[in-house]
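[1] the sequence and its predicted three-dimensional model are supplied below.
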Amino acid sequence: MAQFDVYLNPGKHTRNTYPFILDMQNELIADIATRIVVPLGRTEYFNREEMKGLTPKINFEDADLLIMIPQIASMPAKALKEPIGTLLHMRDEIISALDFAITGI
């Protein structure tokens, strides 16, 4: 598991709204049973929640998505199967959004 890897949402009931899960946790913290994650939400469900600097907009797997930083959570690492991609190229924007959520700056 690597930071900024993207996984299919293992939750069958939420997969339509949140098709993917973004792993936010640094690899240095690999010995615990959970991972810090953020869902990627389809923009059509979250038009009013798009906020510049807080919910970066991306296109992944031909879907327009928001990185839902305000919905940061943890989930069992074993629930995340094989990564299907990475958002490592967006590292600075993701870290900035997380920082904005925590500090307001």
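    Arrived safely, thanks for sending.
[2] quick check: which ranges of this protein have low pLDDT?
    Along the chain, no part satisfies pLDDT under 70.
[3] all strands of it, in order?
    For the chain, the strands defined by DSSP state E occupy 5-8, 20-23, 34-42, 57-60, 63-67, 73-76, 85-86.
[4] E49: which of those strands is closest?
    Of all those, strand 63-67 sits nearest to E49, with 6.9 Å by Cβ to Cβ. Glycine gets a C-beta too; all of them are placed from N, C-alpha and C.
[5] how close does M24 get to L88?
    Applying Cβ to Cβ, to the nearest Å, the value for M24 to L88 is 12 Å.
[6] overlap in contacts, these two.
    Common contacts of M24 and L88 (Cβ atoms under 8 Å, 6 or more residues apart in numbering): 3-4.
[7] between those two, which is the more surrounded one?
    Counted by other Cβ atoms under 10 Å, M24 and L88 do not tie: M24 has more neighbours, with 21 against 12.
[8] and the spatially closest residue to that one that is not a sequence neighbour, what are its bridge partners?
    On the basis of Cβ to Cβ, 6 or more residues apart in numbering, the spatially nearest residue to M24 that is not a chain neighbour turns out to be I36, at 4.7 Å. I36 has these beta-bridge partners by DSSP bridges: S74.
[9] which residues touch I36?
    Applying Cβ under 8 Å, 6+ apart, we find I36 in contact with 23-25, 72-74.
[10] for R35, same thing?
    Taking Cβ under 8 Å, 6+ apart, we find R35 in contact with 1, 23-25, 74-77, 80.
[11] among those residues, name the buried ones.
    Buried residues within the contacts of R35, counting neighbours by 16 or more other Cβ atoms under 10 Å: 23-25, 75, 80.
[12] of all the strands of the chain, which one is nearest I94?
    strand 63-67 (6.3 Å).
[13] counting neighbours, what do you get for the closest residue to P10 other than its chain neighbours?
    In this structure, P10 finds its nearest non-sequential neighbour in A79, 4.7 Å apart by Cβ to Cβ, 6+ apart. Using other Cβ under 10 Å, A79 has 14 neighbouring residues.
[14] hmm, A79 is touching L8, no?
    No: assessed by Cβ atoms under 8 Å, A79 is found out of contact with L8, at 10.4 Å.
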